[in-house]
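> show me how the following folds:
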Amino acid sequence: MSDTKVKVAVRVRPMNRREIELNTKCVVDMEDNQTVLHPPTSNGKGENR
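From the prediction side, this is the model:
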């Protein structure tokens, strides 16, 4: 097994006006130094809400 370590940088931007108006749900949360991913739910139109 390899001793290689990988560092990943994640930047979460604020939602824009369109995303807010569409009531889009955020699928990425930052809790201290931990990134939490929430599975997206489909609304049947190909967009995540």
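> how near is Pro14 to Glu31?
Going from Pro14 to Glu31 by Cβ to Cβ, to the nearest Å gives 17 Å. In this view, the C-beta of every residue, glycine as well, is placed from N, C-alpha and C.
> again, but for Ser42
Counting by Cβ to Cβ, the gap from Ser42 to Glu31 is 25 Å.
> over to Ala9?
Using Cβ to Cβ, we find Ala9 at a distance of 16 Å from Glu31.
> likewise Glu19?
21 Å.
> please enumerate the helices of this protein.
17-21 (DSSP state H).
> need the contact list for Pro39.
Val27 (Cβ atoms under 8 Å, 6 or more residues apart in numbering).
> more neighbours: Glu19 and Glu31, which one.
Neighbours per residue, other Cβ atoms under 10 Å: of Glu19 and Glu31, the larger number sits with Glu19, 14 against 7.
> quickly list what Gln34 is bridged to.
Under DSSP bridges, the beta-bridge partners of Gln34 are Glu31.
> what distance do you get for the residue nearest to Met15 when sequence neighbours are not counted to Pro14?
Leaving aside its sequence neighbours, Met15 sits nearest to Thr24 (Cβ to Cβ, 6 or more residues apart in numbering; 6.4 Å). Separation of Thr24 from Pro14 (Cβ to Cβ) stands at 12 Å.
> for the two, indicate the residue with more neighbours.
Thr24 (16 against 7).
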